[in-house]
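Participant: Fold the stuff below for me.
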Amino acid sequence: HYLILERMRFEERFDFTIEVDKEIDIQEVKIPTMMIQPIVENSVRHGLFHRKEGGFLSVKLMKVNKDLLIEITDNGIGIEKSHSMKDSASNAHQSHATKIIKEKIEIINKGSKDEIFVDTQESNPIDPNFKGTCTRITLSNLLED
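Facilitator: Reported below is the predicted structural model:
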C-alpha cells in the first residue's frame, strides 16, 4: 500500500513489482517489524525521487536453502550521488533508517542462534546518472526445507 500511495504522490514517475517465491508461505513467515519498509522508503525518497520518468523499484522474497533473501532494488541515482546531494544541501535531512535497522539487527543477532545480514550496493555502477541501489537482507535459517 505504501508503494501505491508513493507512486500516486510522485505522479506515477515510477513503477514497482513485488515478487514472492512460490515456496514461501507469506502467512507463516515472521519477518522482524519494520525491516523492509524503511529500505523501500529510502529507495523512493533518496533514489527514485530524482528521476523525472522511468523509475522502477523491485522487492523480491526468495528462498535460498533455509534462508529468506529479501532483495530491494531501484534504478534511482545511487548511493554515492544521494550521499553527496544530502551533504551539499544546506538543510540536509538526516535519515536514521539505516542506523536503526543496523541497531535492530545487532539486537536480534545477539538474542538468536539465527542471524540477519544486510548488504547494500549500487545495482548498476556503470550508468553515469542512475546507478541504482540494491539492498539484500538475509534472514538465515528462517525457512524450513
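
Participant: What is the least confident helix or strand in the protein?
Facilitator: helix 79-88 (a mean of 78; mean pLDDT, DSSP states H and E).

Participant: can you give me the strands in the chain?
Facilitator: 14-20, 55-64, 67-74, 116-121, 133-139 (DSSP state E).

Participant: Between strand 133-139 and the shortest one, find me the angle.
Facilitator: What that stands for is strand 116-121. Strand 116-121 and strand 133-139 meet at an angle of 170 degrees, taking axes from the mean of the first three to the mean of the last three Cα atoms, to 10 degrees as the criterion.

Participant: now strand 116-121: mean pLDDT?
Facilitator: If you average the pLDDT over strand 116-121, you get 94.

Participant: Give the buried residues for that strand.
Facilitator: By 16 or more other Cβ atoms under 10 Å, the buried positions in strand 116-121 come out as residue 116. C-betas here are computed from N, CA, C, even on glycine.

Participant: the inter-axis angle of it versus helix 79-88?
Facilitator: Using the same axes, to 10 degrees, strand 116-121 lies at 80 degrees relative to helix 79-88.

Participant: For strand 116-121, name the packing helices and strands.
Facilitator: Judged by 3 or more Cβ pairs under 8 Å, 6 or more residues apart in numbering; DSSP states H and E, the packing partners of strand 116-121 are helix 97-110, strand 133-139.

Participant: Let's see that with 6 Å instead.
Facilitator: strand 133-139 (3 or more Cβ pairs under 6 Å, 6 or more residues apart in numbering; DSSP states H and E).

Participant: chain center to the strand it packs on: distance?
Facilitator: With Cα atoms, centre = their mean, to the nearest Å as the basis, strand 133-139 stands 7 Å off its chain's centre.
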